[in-house]
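Undergrad: when you get a sec, could you give me coordinates for this:
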Amino acid sequence: MFFLLCWGQASLAQITLRGKITDTKGEALIGANIFLKNTFDGVSTDSTGKFSLVVSDQTQDTLVASYMGYLNFEQKIDWQNTQKLHLRLQEEASELNMVVLSAGTFEASDEKRMTILKPLDIVRTASANGDIFGALQTLPGAQRVGESEGLFVRGGSADESKTFIDGMLIQNPFFSSMPDVQSRSRFSPFLFKGMAFSTGGYSAQYGQGLSSVLSLQSEDFPKETNLNLFLSHLTWGATGTKLWKNTSVAVSGNYTNVGFANKLVPQNINWVKPFTGYGASVILRQNVGENGLLKLFSNYGFSKASFYARDDKGTPAIFALDNDNFYNSLTYQHELKKWTVNGGLSYSYNQDRIEFGGVKIRKADDRLQARLVGKYDLGKNSAFVIGGEAHQYSFENKFNDFGSQVKEEYQAVFAETELYLTHKLAMRLGVRGEHSAYLQRFNIAPRLSLAYKTGTNTQISMAYGDFYQNPETKYLYVTNHLSFEKATHFILNYQWTTQSYTFRTEIFYKNYSSLVRELDNMPFDASPNRWIMGNNVDNSGNGFAQGMDIFWRDKQTIKNADYWISYSFIDTKRLYQNFTEKAMPVFASTHNLSVVYKHFFPKLSADFNATYSYASGRPYYNPNATQFLKDRTPDFHNLSLAVNYLTTLWGTSTIVICSVNNVLNRENIFGYRYSPTGNNRIAVNPPTLRSFFIGLSMTIK
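TA: Okay, the predicted model is just below:
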């Protein structure tokens with residue numbers, strides 16, 4: 001009914017735009033993409049470079065043309081004069097014929113070099129529910145973990161993956177953790193113009209992550225003043241953007257309450273007070289001269305929830321959480337003749353107030369950081385990068401009247417050069433040095449990537465690097481006599497790419513050393529929130545992760561459709577923390593498969609999406625078993641569907657979003673919790689088996 005009512009509000013007649021896309025020499029570009037900006041109206045050119053685009057939303061007036069190896073082209077449309085169009089795209093020499101450094105990174109959108117997920121890519125991915133990290137789980141290397149927050153990549157824990165915004169490290173990218181409940185990320189995908197995901201072998205510009213890096217690039221100077229309203233059965237929000245000649249200000253606010261949604265579907269959690277929260281943010285952008293851009297981003301959020309969870313004795317007790325989070329950053333970019341300089345300052349603060357089983361817990365952390373990077377253009381697409389960063393941060397953990405605190409000062413310097421030796425051969429060579437005042441340790445981490453173009457559309461590439469990270473904070477509370485943990489990456493990649501197809505396969509080996517081990521000979525405790533007893537820990541732990549990723553994307557075979565298939569195989573074991581022997585960690589699964597399908601129906605202005613995800617069973621601790629971490633959960637299966645409908649309500653461009661997660665209502669199990677005697681166990685399920693989402697986004701100019 002909601003869908004039909006929205007349909008009836010469409011007030012503008014359809015118009016057909018016809019034309020041709022060529023290069024600057026007049027040669028037809030076959031399969032070029034042509035679409036109306038910020039809409040789902042789009043087609044591809046035929047074998048003669050011609051297109052016929054049916055437009056249903058005339059409130060948007062910018063036509064965009066894109067083609068691999070060419071610069072994007074934008075043109076304003078005069079709806080009173082829609083004669084035949086001739087769009088000429090300019091070749092981007094650095095992308096069309098040249099080799100690309102791709103080992104450890106992969107493409108899932110229409111950009112090169114890194115995996116770029118645009119906001120609409122995330123919104124249009126069923127099962128992601130509009131969450132950045134939910135969409136990343138459909139890509140090779142990422143693993144399905146549904147009972148805790150974080151990004152788990154190639155056998156690495158969530159602590160081994162780091163998130164950056166404009167080069168600045170985000171200390172708390174997710175809402176606060178609750179027992180056996182997965183948390184969403186804090187930031188809307190619409191804040192960013194690009195999202196680069198590296199599964200290993202990443203640049204020397206980033207550190208303190210043993211497995212992967214997610215680099216988010218915020219939007220530059222906006223092009224228009226507007227107001228965006230977002231309404232759903234979970235969240236209400238609004239963002240207003242005001243544009244002046246050289247200044248723009250965007251102010252947003254949101255309120256979330258899942259109580260109504262919890263009443264509509266059966267819950268696996270006995271809620272006392274369902275999750276509620278509110279937040280606000282301000283984004284200021286200021287052009288400085290002709291080549292400078294200043295960005296100020298401030299974000300505050302508050303959330304709370306309470307429900308019955310089981311304590312260490314297996315007894316149900318109320319778990320109550322209140323969270324305050326604040327993040328503020330100031331970044332500046334300036335382009336000179338040969339140099340591009342980026343600098344930034346940021347401060348973040350997070351506090352959790354928890355009551356559980358009669359115990360009052362307070363967790364707090366803050367981080368102050370500064371970063372400066374200079375990039376020198378060497379010509380012929382080559383560049384030299386040099387920079388440094390400094391962090392001052394602290395963690396505090398208090399149980400009733402007993403507390404611990406860690407204060408750290410961390411500095412890093414890095415240098416890196418990216419050289420295109422020929423059109424077929426490219427190299428990136430870098431080195432990073434890091435110092436920890438708390439550990440009183442210094443490390444040097446070399447990084448190397450090579451790529452060689454073997455044919456018109458094929459290439460092979462490799463990457464090697466050392467990556468260091470401070471031990472988890474829970475160990476730093478009890479001792480500072482530890483060293484950096486270390487991982488060494490070896491990656492070999494083959495890639496075949498055309499305008500419409502992408503195939504890549506990658507094999508990798510990751511060697512872990514200097515992992516933290518507990519040597520107290522205490523019985524194994526499977527609780528992720530257990531308290532570390534004593535300070536008898538060292539860096540004698542080790543492990544490995546090895547495997548293969550396969551990725552296939554097809555944007556041509558099925559008209560108006562785009563789909564990709566990703567598969568990952570991993571073999572990994574570790575001897576670390578309080579493990580009694582080397583074993584696969586509980587967050588890893590051997591096989592992971594995702595199939596993502598997106599289909600656009602131009603005549604209906606509707607976008608249909610489906611995602612199927614599979615993961616083989618994960619290890620869990622069974623105190624009654626004779627072998628350590630040999631038991632496996634049932635395999636994970638999930639089918640999710642979504643429909644996005646583009647219409648006009650009251651003369652305003654509107655997108656209606658409808659999605660259903662776990663359509664088949666399968667009971668997925670992420671692990672088991674055992675009673676202290678080991679006689680009883682309880683399955684760890686998601687808060688609800690099947691869930692849905694209904695919302696709409698309206699943009700008022």
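
Undergrad: just checking, Thr652 touches Met698?
TA: Yes. Using Cβ atoms under 8 Å, Thr652 and Met698 qualify as a contacting pair, with a distance of 5.1 Å. C-betas here are computed from N, CA, C, even on glycine.

Undergrad: those two: who's more crowded?
TA: When Thr652 is set against Met698 and neighbours are counted by other Cβ atoms under 10 Å, the residue ahead is Met698, at 18 against 15.

Undergrad: the one helix or strand that one maps to pairs with which strands?
TA: Secondary structure assignment for Met698, by DSSP states H and E: strand 691-700. Take DSSP bridges as the rule and strand 691-700 pairs in its sheet with strand 226-232 (antiparallel), strand 652-661 (antiparallel).

Undergrad: got a pLDDT number for Phe3?
TA: You'll see Phe3 listed with a pLDDT of 43.

Undergrad: show me what the helix or strand where Thr502 lies is packed up against.
TA: Here Thr502, judged by DSSP H and E, is contained in strand 501-518. Contact analysis of strand 501-518 by 3 or more Cβ pairs under 8 Å, 6 or more residues apart in numbering; DSSP states H and E lists strand 485-497, strand 537-554, strand 561-575 as its packing neighbours.

Undergrad: dump those to TSV, plus distance to Phe636.
TA: Written out in TSV, the entries for these read as follows (distance: least, Cβ to Cβ, whole Å):
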stretch	distance to Phe636
strand 485-497	26
strand 537-554	18
strand 561-575	13
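
Undergrad: of all these, which one is nearest Arg144?
TA: The stretch from these with the least distance to Arg144 (Cβ to Cβ) is strand 561-575; that distance is 10.3 Å.

Undergrad: now the angle from the closest one to strand 537-554?
TA: 160 degrees (axes from the mean of the first three to the mean of the last three Cα atoms, to 10 degrees).

Undergrad: may I see the buried residues of strand 561-575?
TA: Within strand 561-575, the residues that qualify as buried by neighbour count (16 or more other Cβ atoms under 10 Å) are 562-568, 570, 572-575.

Undergrad: let me know the closest of those residues to Leu515.
TA: Scanning the buried residues of strand 561-575 for proximity to Leu515, where the rule is Cβ to Cβ, the winner is Arg574, at 6.8 Å.

Undergrad: count residues in the vicinity of the residue lying closest to that closest one once chain neighbours are set aside, would you?
TA: In this structure, Arg574 finds its nearest non-sequential neighbour in Gly543, 3.3 Å apart by Cβ to Cβ, 6 or more residues apart in numbering. As a burial measure, the neighbour count of Gly543 was computed by other Cβ under 10 Å and equals 21.

Undergrad: what score does Gly543 have for pLDDT?
TA: Predicted confidence (pLDDT) for Gly543: 97.

Undergrad: same deal with Phe693?
TA: 86.

Undergrad: how far away is Val341 from Phe297?
TA: Applying Cβ to Cβ, to the nearest Å, one obtains 19 Å for the distance of Val341 from Phe297.

Undergrad: domain parsing for this protein?
TA: Residue ranges for the structural domains of the chain, counted by automatic domain parsing, are given in the record as 11-92, 115-700.
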